[in-house]
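J.: give the three-dimensional model of this entry:
(chains A, B and C)
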Amino acid sequence: MEKILDKIYKNHKDNEGNIISLLQDIQGELGYIPEDAVVWFSKKLDIPASRFFGIATFYAQFHLQPRGKNVVTTCCGTACHVKGSEKLLNGLVRELGLPEGENTTEDRRFTVEKVNCVGACSIAPVVIVNNKVHGKMTADKLMKEIKHLKEKESED
Amino acid sequence: MIDLSINGLPVSVPEGTTILDAARFADIPIPTLCHHPKLTPYGGCRLCIVDVKGINRPVTSCTTPVAAGMEVTTTSPTIEKLRKTILELILSDHPNDCMVCEKAGDCTLQELAYFYGIRENRLDGERRVYAKKDDNPFIERNMEKCILCGKCVRICDEVQGVGAIDIAYRGFNAKVCPPFEKNLDCEFCGQCVSVCPTGALTGKAWGQRGRQKDIKEIETICPYCGCGCSITLHVRRNEVIRVSSREDTLNEGWLCPKGRFGYSFINNAARLKTPLIREEGQLKEATWDEALDFIADRLGKVKAKYGADSIAGLSSARCTNEENYLFQKFMRAAVGTNNVDHCARL
Amino acid sequence: MKTDLVVRVCMGTGGIAAGGAEVMDAFKKHLRSKGVTARIEKNCTMHKVGCRGLCARDVLVDIVVNDSKTTYQFIKPAMVERIIDEHVINGKPVEEWTVPEDYHLFHNKQVKVVLSDCGSVDPEDIESYLNVKGYDALKQVVTTMSPAETIGVIRQSGLRGRGGAGFPTGTKWEICSKETSEHKYIICNADEGDPGAFMDRSVIEGNPHAVIEGMIIGAYSIGADAGYVYIRAEYPLAVERLKNALKEARKHKFLGKGILGTNFNFDIKIKLGAGAFVCGEETALIASIEGQRGMPRAKPPFPVYKGLWGKPTVINNVETLANVPYIIRKGAEWYSSFGTEKSKGTKVFALTGKIRNSGLIEVPMGIPLREIIYDIGGGIENDKAFKAVQTGGPSGGCIPSHLLDIKVDFESLASVGSIVGSGGMVVLDEGDCMVNIAKFFLQFTQSESCGKCVPCRIGTKRLLEILERITSGKGREGDIELLEDLARDIKATSLCGLGQTAPNPILSTIRYFRDEYEAHITKKKCPAGVCRDLLSYVILAEICKGCGACKKVCPAGAISGEKKQPHTIDADICVRCGACFEACKFRAIGKG
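T.: Residues are numbered from 1 along each chain as shown, chains lettered A, B, ... in the order given. Predicted structure coming up:
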């Protein structure tokens, strides 16, 4: 990890980065923001760790826990809302058996997230499966997609 | 100087003064919870709103600088109604357990609730509940009572330069906490405690030792080091139960952990109250006269036998400058040696 | 055969989601295999283009043969071969796949300024923008006009900020230009956070150079030496295209040291947002660029005096900046000929929701709302009745059917309790519950509140709780009045625009749909049949065929019954999810 952090540090110096871009880089490399990484940078840059924590918990983009292998994001913008995004979300939670208040399955295979609006309102409701945008989503189509991912997972 | 009027009164203040400071200068009260004269203006509690002629919405007096000819109104039925709503909102997310709260009687929030007569709260709803308690040795952090005024965060950053805490999360879930919500691990200067307007931050040692109305405040000087910070001992039934410091002192109210929290020795049963002289391996209580005579006698003998330079004196940083002066004078003039030193030099 | 052939494939976020890249590949493959590419060589061009508005019909493809354009809709890769055979090779368009009449109606009433080149230029190729006079405005400005003259043109045009507040752009520039400072900044606010709005995303994806050109002209006018585009990380395609466009602009000396041979230096950096709606607010945006928690601070001082790193800073929205090159090129008079007396020019809207032609539109300010909904939008989806249109997102309000003839401009919308805002327009039909819509927006603002000031942090939470109890059948007498009272106090006392406008959706829905609130509170009914806790489902025995479809989908096991016998729902177990209602082919399930 030290090596990765060093690389991020160098990039940070070269590009006059700030804490947000630093956290974005950490998450880009490691998938989430581990406490160790924050402590490392806090010492290196002489910036209190509390500042990192305050920023990491302020912005929705940052994750302090590792996420699932597959990330399914339902758009909950206005257009998606009136076209039934909540039902899609409830369906996902049911299908994946997510425990209350959690967004990642216990086996860390799936993470279900909400996003405020991806700005693809004219093809609402929208679901993003592993970075690919799917428009005009229905419960059936979504369940098929999930089953497909599950099968692919069990093949691996 | 800028001339303006507040509630019809002409006021003249230097350029850059905020409306709040101008009003205070003119002895016009404006309620506030997040303002501190030594910290960057915040504008978070919104209680200090005032009307300014020509601006169509109330402005926060703590963040708005005065301007020439400004006409400010600090109170009106509309303004007071808005302030009351804000207080109702704060209290709707507050434990309201003043009966057992350490801060009762000395709490800005309680005071404001009293003056605005808030009894039943029409805005009751979900309250923040934090199961985890902070396990640090000095500062009791009861964050359910926190109103997010941010003074502790600002003081830790701007005055103490530590940044041990920051506001984390956002919206209703925002909370002041150390990184990763661990136990507080800092210098424990307690500056945060001194500025907290509610019972969110108190001293761990304060618990159930007595409340403001029973306290006699005694102004004194901190004995710990030569800085000589002014401190206020809070005394109840001849027992020191808290230490604070006033903002109008040389140390501006700031203290170190020893000065603020290290007072338990004062009433400790193990504390030495008389000199002790060792006789045949046993320490025995003595009077000051006996002790001083004993020292003078022994020093005289040592000096006569081995010479003055066989004696050295070591004084304490906890003494005042005057005491240290006298001590070296004693060593040089009475004992006759230059062997004198001081623990703070080490 | 001597042919000029242009193929344009819509590849905005919508186009790509519908399979735009695959369609493009199919064209490449088949044009090559059928020898078309070889035959006409350089006269055959293929472009990725940005959004042309009607994303709901993606993938949209233009085939231009010898300047004659045919547009196809809903194109899949499998359809490409036939289009090439019949249309490109034999000259006969595949009529059944071309866009019908209403596609043209969608475009006819629009007036395109900002979007005039979106959908025709290739956003990933600067040459394509240069071919439509791109960067001519910049050349004109830096070589023949003074900053003051440039600001004068923008002032005369009457351009007002398109991000929501509608502040005159020329005035903002002028104030900043008069400040003296070692550094000044111009920031393009592309943190399009309103749910239901995608104007800025589409403009950047479709024509990023127009935004960049506008920004450089702005920088020249105010004397800025550095610029930032603050853009949402949720818009990966827009970020990618913007990065590429900046690189190309630098190559052409439109950015960097000594722009176009003058002594004007300016460059632009991209800052990615990290997911906080409040960062659309100027001072929070500045805090975020500086790398801090995006918490707003009190104004004054305004950013034009003290902004980024304490230096004078102009913040303009994407659409505002994209207007600038066109205004410079075509003149202030031309621009101000569109619109109303106080709201000049055009405005881009994202028309979505229960509307037939959902998509991106640009209309002159002052156009009647009815024309947007019925002529451009083609009316309500599935022939349902129009109920309201929500404008301005979480800061805005609802406009009910009796106000359909209102003009769409800053002043008129404000007069009925809504706002133009950044340009989201979500159409609602009879099946939408207005209390639920208000609740939706409060959920949004409450979760996006930064938490700095009391009214927004706790106040929006309380508003939401009251709405939650109303929609779950626990509403109390006096709740409507409590909502109104608290809403007004929050508006009056909040620190920033987020809190000051968050109660608007509540006030506006109470103003026009008070009866719906009352029905929820007193009759414990949701007239639109949306609020789950107020619904009950029953199986109509006389229609039920006993097929068992409902029993199969019920997640709670609340439905029982023998095969081919009428089934029943146990109301005590039913979780009112509505799965049975949707599963029943015989409409044997009653909801009410």
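
J.: okay, C:Asp572: pLDDT?
T.: On pLDDT, C:Asp572 comes in at 88.

J.: what lies in contact with stretch B:58-70?
T.: With C-beta atoms under 8 Å, 6 or more residues apart in numbering or on different chains as the test, stretch B:58-70 has contacts from B:2-5, B:13, B:15-20, B:22-23, B:30, B:32, B:34-35, B:41-43, B:46, B:48-53, B:72, B:74, B:79, B:82, C:297-298, C:300, C:492-493, C:495. All C-beta atoms are positioned from the backbone trio N, CA, C, and that covers glycine.

J.: buried set for it?
T.: B:58-66, B:70 (16 or more other C-beta atoms under 10 Å in any protein chain shown).

J.: quick check: which element contains the residue in the stretch 401-550 of chain C that chain A sits nearest to?
T.: The minimum distance from the stretch 401-550 of chain C to chain A, using C-beta to the nearest C-beta, falls at C:Val426 (4.7 Å). Per DSSP states H and E: C:Val426 is located in strand C:424-429.

J.: send me the top helix by length along chain A as PDB with only the CA atoms.
T.: Once chain A is assigned using DSSP state H, the helix that runs over the most residues is helix A:139-155. Extracted C-alpha coordinates of helix A:139-155, given in PDB (Å, rounded to 0.1, in the frame of the first residue of the first chain):
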ATOM      1  CA  ALA A 139     -38.500  -4.600 -12.800                       C
ATOM      2  CA  ASP A 140     -38.300  -7.700 -15.100                       C
ATOM      3  CA  LYS A 141     -35.300  -6.300 -17.100                       C
ATOM      4  CA  LEU A 142     -33.500  -5.500 -13.900                       C
ATOM      5  CA  MET A 143     -34.000  -8.900 -12.300                       C
ATOM      6  CA  LYS A 144     -32.700 -10.500 -15.500                       C
ATOM      7  CA  GLU A 145     -29.700  -8.300 -15.400                       C
ATOM      8  CA  ILE A 146     -29.000  -9.300 -11.700                       C
ATOM      9  CA  LYS A 147     -29.500 -13.000 -12.400                       C
ATOM     10  CA  HIS A 148     -27.100 -12.700 -15.300                       C
ATOM     11  CA  LEU A 149     -24.500 -11.100 -13.000                       C
ATOM     12  CA  LYS A 150     -25.100 -13.700 -10.300                       C
ATOM     13  CA  GLU A 151     -24.500 -16.500 -12.900                       C
ATOM     14  CA  LYS A 152     -21.400 -14.800 -14.100                       C
ATOM     15  CA  GLU A 153     -20.200 -14.500 -10.600                       C
ATOM     16  CA  SER A 154     -20.700 -18.200  -9.800                       C
ATOM     17  CA  GLU A 155     -18.900 -19.200 -13.000                       C
END
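
J.: please enumerate the strands of the stretch 101-250 of chain B.
T.: B:139-141, B:166-168, B:175-177, B:201-203, B:216-221, B:230-236, B:239-244 (DSSP state E, counting those that start in this stretch).

J.: nearest to C:Gly345 among those strands would be which one?
T.: strand B:166-168 (41.1 Å; C-beta to C-beta).

J.: packing partners of that closest one?
T.: In terms of contacts (3 or more C-beta pairs under 8 Å, 6 or more residues apart in numbering or on different chains; DSSP states H and E), strand B:166-168 is packed against helix A:49-58, strand B:175-177.

J.: most tightly surrounded among these?
T.: Across the helices and strands packed on strand B:166-168, averaging neighbours per residue (mean count of other C-beta atoms under 10 Å in any protein chain shown) puts helix A:49-58 on top, at a mean of 25.

J.: just the CA coordinates for it, please, in PDB.
T.: Extracted as PDB, the C-alpha positions of helix A:49-58 are listed here (Å, rounded to 0.1, in the frame of the first residue of the first chain):
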ATOM      1  CA  ALA A  49      -6.900  13.600  10.000                       C
ATOM      2  CA  SER A  50     -10.200  15.100  11.200                       C
ATOM      3  CA  ARG A  51     -10.200  17.300   8.100                       C
ATOM      4  CA  PHE A  52      -9.900  14.300   5.800                       C
ATOM      5  CA  PHE A  53     -12.700  12.600   7.700                       C
ATOM      6  CA  GLY A  54     -14.900  15.600   7.600                       C
ATOM      7  CA  ILE A  55     -14.600  15.900   3.800                       C
ATOM      8  CA  ALA A  56     -14.800  12.200   3.100                       C
ATOM      9  CA  THR A  57     -18.100  12.000   5.000                       C
ATOM     10  CA  PHE A  58     -19.500  15.200   3.500                       C
END
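
J.: counting by contacts, list what that helix packs against.
T.: helix A:19-30, helix A:35-45, strand B:166-168.

J.: so for C:Asn504, which of these sits nearest?
T.: strand B:166-168 (26.8 Å).

J.: other residues contacting that closest one?
T.: Residues contacting strand B:166-168 (C-beta under 8 Å, 6+ apart): A:48, A:50-51, A:53-54, A:57-58, B:148, B:150, B:153, B:174-177, B:179, B:181, C:293, C:295, C:451.

J.: from chain B, how far out is the residue in chain A positioned nearest to chain C?
T.: Nearest to chain C, among the residues of chain A, is A:Asn18, at 2.4 Å (C-beta to the nearest C-beta). Plainly put, A:Asn18 is 15 Å away from chain B if you go by C-beta to the nearest C-beta, to the nearest Å.

J.: I figured that residue was touching C:Ala287, is that so?
T.: No. Under the criterion of C-beta atoms under 8 Å, A:Asn18 makes no contact with C:Ala287, lying 10.5 Å away.
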